[in-house]
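# How does the following fold in three dimensions:
(chains A and B)
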Amino acid sequence: MRSEWLAILLTTILALVLTLTPFGDWYQQHAPQWLLLTVLYWCIHAPGRVGLVYAWFMGLLLDVGTVGLLGANALLFTFGAALVLTLRQMLSAATPIQQALFVAGLSTIYLLFSLWIQGGITSSMALLGYLSRALSNLIAWPLITLVFYLIRTRLSRI
Amino acid sequence: MSLFESHRPGITKLLILVLASLMLMALDRAGSNVAIRINTGLGSITDGISRLTQAPSQWASDITLFFENRSSQVATIHRLQEENLLIKGQMQQFYDLKRELGHLKTLLHGQTTVVPNVLLARMIAINDGPEQRNFTINQGLSDGVRPGQPVIDGHGIVGQVLRSSLTGAVVIEVVSRKHNLSVSLGDTGFIGLLRGTGTRDALTMDRIPDRYSVKVGDLLTTSGLDGVFPKGYPVARVSQIHDDRGQAFINIVATPVADLDHLSEVLVLTAPPDAPPPPTQKTQQANTVDQPDKAMINAGKTPPPANESLSTPPATQPKKPLSKREKAHAQ
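Numbering: from 1, shown residues only, chains lettered A, B, ... in the order given. Here you go, the predicted structure:
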């Protein structure tokens, strides 16, 4: 069981690194929200270990890392995690594609609320560019499911 | 697998966390000490991660430098030596001028100008948001970097330090939408606020009375009135002039002179010179948060009248508020 904690820690650090590393302007604007996806993944697959407090803390860390309004991402992470934990039995029975669609929908709502709290976009084209992250999340979810599954199985064998 | 166990989140826990987030948002907006402390504490973690991830690319560039062509290395050394000689030559005059200026200022205000301590910092991460341009540098609290300190590159003003942690600091660029600074316009002597627009190459300045003759290409320099940026540093060049017909005002758009697209190393001015005494916490915040009129009013009051400072003993006056402010930020 220690291996699962190790997997959670490892993937969280990986997500943080992917979020904070500057890979260029394009990546900055359209990259998937790695940290959010990681939190949602563990809420579905290890709800006994991680929960709302983990989600809240990760959101706070993202707030500090991106120099946004303190607490904004923490709030949305908590709500996202709460929704996923409530619908968990439905979600874990769903196919990866259905899960990915659900995650993309959730992150669209997330992005719009985040925009509402923090403000700052003035043109509709910029809004479309901003929402493209939800599309990236849609593509990234199956990838994350696969990679995290591999990490978990490798670590449980040790 | 725990598929059949229900892990519904507890409603009390959810409520507490939501309340905590809302409290934090309110505290952050109000600029409280708690928010600053959390930013400094957790910022040390995130800046540390940025610093670690940046290390390999640093090694890579070091290695490429090692394998670089020898003749091009020699050429670079020659170029740098020439540049160094030129700069040294200019500096000789500078020391003389500095002494003279210090003397004159002592006669005028009873206080001398301090030449800024500059600190070289490397950019380790970019954290742009929509319409906000920030980046992280690898020097932090332990190197003397404090929030509010000006950041420049070889050409002009880049921005100011927004948050400083143990492992790094975040700099907000002048082109961010939330950023305002006080500048004087070319040779006209007009002083106004230059606002960022959120795009890389545009700053705006509104409502300049049209009796001032402004040309495209005029240089905007810091006025020193805001108490954050020292006087006389170049900020931007006028690129467009919008003449509102039927109004007695013109609006201008300017492009920053600092090379914001290709920043890799910047200089932090750790002891801003001839900053007029006050920068209290309030004026400093007004400078980055969107309250331009407040900043102007406070900034207008800052320089002390000449006769008053002559009668008071010189050194003690500017020291006090500064140390208080530094204490506030160190927390």
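# does the most centrally placed residue in chain B sit in a helix, a strand or a coil?
In chain B, the C-alpha nearest the mean C-alpha coordinate belongs to residue B:160, at 1.5 Å (C-alpha atoms, centre = their mean). Following DSSP: H, G, I helix; E, B strand; the rest coil, residue B:160 is assigned to strand.
# check contacts around it.
Residue B:160 sits next to B:148, B:149, B:150, B:151, B:171, B:172, B:179, B:228, B:229, B:287, B:288 when contact means C-beta atoms under 8 Å, 6 or more residues apart in numbering or on different chains. For glycine as for every other residue, the C-beta is placed from the backbone atoms N, C-alpha and C.
# I would like the C-alpha coordinates for the helix or strand bottoming out on mean pLDDT in chain A, written out in PDB, please.
Taking mean pLDDT, DSSP states H and E as the measure, the helix or strand of chain A with the lowest value is helix A:25-30, at a mean of 82. The C-alpha trace of helix A:25-30 is given here as PDB (Å, rounded to 0.1, in the frame of the first residue of the first chain):
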ATOM      1  CA  ASP A  25       4.400  30.700 -25.400                       C
ATOM      2  CA  TRP A  26       2.300  28.200 -27.300                       C
ATOM      3  CA  TYR A  27       2.600  25.600 -24.600                       C
ATOM      4  CA  GLN A  28       1.800  28.100 -21.900                       C
ATOM      5  CA  GLN A  29      -1.500  28.900 -23.600                       C
ATOM      6  CA  HIS A  30      -2.700  25.600 -24.800                       C
END
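# counting contacts, what elements does the helix or strand harbouring residue B:80 pack onto?
Using DSSP states H and E, residue B:80 falls within helix B:70-109. Counting contacts by 3 or more C-beta pairs under 8 Å, 6 or more residues apart in numbering or on different chains; DSSP states H and E, helix B:70-109 packs against helix B:306-311.
# Point out where chain B drops to low pLDDT.
Within chain B, the segments meeting pLDDT under 70 span B:1-4, B:109-115, B:130, B:272-331.
# where do the helices sit along it?
Using DSSP state H, the helices assigned to chain B run over residues B:11-30, B:33-66, B:70-109, B:281-288, B:292-301, B:306-311, B:316-330.
# ok, and the closest non-adjacent residue to residue B:232?
residue B:221 (5.5 Å; C-beta to C-beta, 6 or more residues apart in numbering or on different chains).
# which residues does the one you found form a beta bridge with?
residue B:184, residue B:234 (DSSP bridges).
# Tell me who's in contact with it.
For residue B:221, the contact set (C-beta under 8 Å, 6+ apart) comprises B:183, B:184, B:231, B:232, B:233, B:234, B:235.
# tell me which of the residues you listed is nearest to residue B:205?
Proximity of the contacts of residue B:221 to residue B:205, judged by C-beta to C-beta, is greatest for residue B:183, which lies at 7.3 Å.
# what number of residues lie near the closest one?
By other C-beta atoms under 10 Å in any protein chain shown, 29 other residues sit near residue B:183.
# what sits up against the host helix or strand of residue A:3?
Using DSSP H and E, residue A:3 sits within helix A:2-20. Here helix A:2-20 makes contact (C-beta under 8 Å, 6+ apart) with A:31, A:33-35, A:37-38, A:41-42, A:46, A:49-50, A:58, A:61-62, A:65, A:148, A:151-152, A:155-156, A:158, B:46, B:49-50, B:53, B:125, B:127.
# and the top helix by length along chain A, which residues are buried?
Longest helix in chain A by number of residues (criterion: DSSP H): helix A:124-157. Of all the residues in helix A:124-157, those buried under the rule 16 or more other C-beta atoms under 10 Å in any protein chain shown are A:130, A:133-134, A:136-138, A:140-141, A:144-145, A:148, A:151-152, A:155.
# ok and it relative to helix A:2-20, angle-wise?
Per axes from the mean of the first three to the mean of the last three C-alpha atoms, to 10 degrees, the angle that helix A:124-157 makes with helix A:2-20 is 150 degrees.
# does helix A:124-157 come close to chain B?
Yes - residues of helix A:124-157 are located near chain B by C-beta under 8 Å from any C-beta of the partner chain, namely A:126, A:130.
# quick check: mean pLDDT across that helix?
Per-residue pLDDT values across helix A:124-157 average out to 89.
# Same check on stretch A:75-83?
Averaging the model's pLDDT scores along stretch A:75-83 yields 95.
# Any residue of it touching chain B?
Yes - Stretch A:75-83 is in contact with chain B by C-beta under 8 Å from any C-beta, via A:75, A:78, A:79, A:81, A:82.
# Highest neighbour count among the contacts of residue B:160?
Counting by other C-beta under 10 Å, top hit in the contacts of residue B:160: residue B:229 with 29 neighbours.
# okay, the most centrally placed residue in chain A: pLDDT?
Nearest to the mean C-alpha position of chain A, by C-alpha atoms, centre = their mean, lies residue A:36 at 1.5 Å. As predicted, residue A:36 sits at a pLDDT of 95.
# For chain A, what's its nearest residue on the stretch 151-300 of chain B.
residue B:170 (5.2 Å; C-beta to the nearest C-beta).
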